[in-house]
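In: sequence-free structure coming up:
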């Protein structure tokens, strides 16, 4: 890869991570603690699910929210470790990811497995504090986390698999709050999957040249010729499901203007999408954190004021 894009990376090794001892930094980078965006994108759908059921109350939402925040941090980091173990040889050939600790040789697979064990231990402690229905759902979540990195090797739709994986916080949050998983909770999951399919496709546009060179498949490559249409369809479908959740969850009227604002922010990304601008695609991807926060505000208002 040549030109200005060759040095493009989303690793932040020189931020607050640089204040830690040299030996700790590769572990922090492997866990993606330099980039909290992924943790937010895992946590926020869980918060939506916690707030959505009619039985939710402020104290209940606060307690579950704290547990899900800790669990999201641990499990997102665990997922990144699993992903980087699978992809260490591919990552070494992609300019954006060549500096990752396993790809660069800063850490060994054995060291990564030790970190993974610790992160899964934290996740297990959080799970023990959740209702039994979450215990039944947890094996499916772990299966998705373990299989996601293989998706790019066998399908053009790894971003869809990522949506099922990263979006699993939505049904988990709903089940933890409601004590069941019904049609409304499944609609929230469907909307979350489509939302994440859209923004991860935007994220994948950063790597298209390298992915094509080494033969990695992605929805970004598959839909590069109709990128705006595809992302618009993903975000449109997600918006429909989110609004249906508001109706099915008997939300207060205050849900609607805030939720519509979140939907509008999604389509603003479509308007500004340029698949040939890797840094711009990364910026659009990161905008989904405030979008998710606006949608969380919609669900919280809709439940608190109902």
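Out: Structure's in. What do you need? Note that this is a predicted model, so its numbers are computed, not measured.

In: Can you pull out the low-pLDDT segments for the protein?
Out: The chain contains residues with pLDDT under 70 at 1-13.

In: Buried residues, the top helix by length along it. List them.
Out: In terms of residue count, the longest helix belonging to the chain (DSSP state H) is helix 58-91. Neighbour counts over helix 58-91 (16 or more other C-beta atoms under 10 Å) mark 61, 64-65, 67-84, 86-88, 90-91 as buried. To be clear about C-beta, it is placed using only N, CA and C from the backbone, and glycine gets the same treatment.

In: contacting residues for residue 195?
Out: 163, 167, 234-235, 238, 266, 288 (C-beta atoms under 8 Å, 6 or more residues apart in numbering).

In: cutoff 7 Å now
Out: Residue 195 sits next to 235, 238 when contact means C-beta atoms under 7 Å, 6 or more residues apart in numbering.

In: again, but for residue 300
Out: residue 51.

In: Try it again at 8 Å.
Out: By C-beta under 8 Å, 6+ apart, the contact set of residue 300 is 51, 61.

In: Okay, it and residue 269: tell me how far apart.
Out: According to C-beta to C-beta, to the nearest Å, residue 300 and residue 269 sit 23 Å apart.

In: again, but for residue 57
Out: 34 Å.

In: before we move on, the earlier item: so which other helices or strands are in contact with whichever helix or strand comes after the longest helix of the chain?
Out: Using DSSP states H and E, the next helix or strand after helix 58-91 towards the C-terminus is helix 101-104. In terms of contacts (3 or more C-beta pairs under 8 Å, 6 or more residues apart in numbering; DSSP states H and E), helix 101-104 is packed against helix 25-30, helix 58-91, helix 109-128.

In: which residues touch helix 101-104?
Out: Here helix 101-104 has contacts from 26-27, 29-30, 84-85, 87-89, 91-92, 97-98, 107-109, 112, using C-beta under 8 Å, 6+ apart.

In: what are the ranges of the helices in the stretch 201-306 of the chain?
Out: 208-214, 219-222, 227-248, 255-272, 278-286, 288-304 (DSSP state H, counting those that start in this stretch).

In: Generate CSV for those helices, with distance to residue 196 as supplementary columns.
Out: Shown next, in CSV, are the helices of the stretch 201-306 of the chain (distance: least, C-beta to C-beta, whole Å):
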stretch, distance to residue 196
helix 208-214, 19
helix 219-222, 11
helix 227-248, 8
helix 255-272, 12
helix 278-286, 11
helix 288-304, 8
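
In: Between the helices and strands packed on helix 101-104, which one is closest to residue 200.
Out: helix 58-91 (12.5 Å; C-beta to C-beta).

In: Show me what the closest one is packed up against.
Out: Using 3+ C-beta pairs under 8 Å, 6+ apart: helix 58-91 touches helix 25-30, helix 37-51, helix 101-104, helix 109-128, helix 132-154, helix 169-178, helix 288-304.

In: Figure out how far it is from the centre of its chain.
Out: How far helix 58-91 lies from its chain's middle: 9 Å, per C-alpha atoms, centre = their mean, to the nearest Å.

In: what's the angle from it to helix 37-51?
Out: Calculated by axes from the mean of the first three to the mean of the last three C-alpha atoms, to 10 degrees, helix 58-91 forms an angle of 150 degrees with helix 37-51.

In: quick one: helix 58-91 to helix 109-128, angle?
Out: Using the same axes, to 10 degrees, helix 58-91 lies at 160 degrees relative to helix 109-128.
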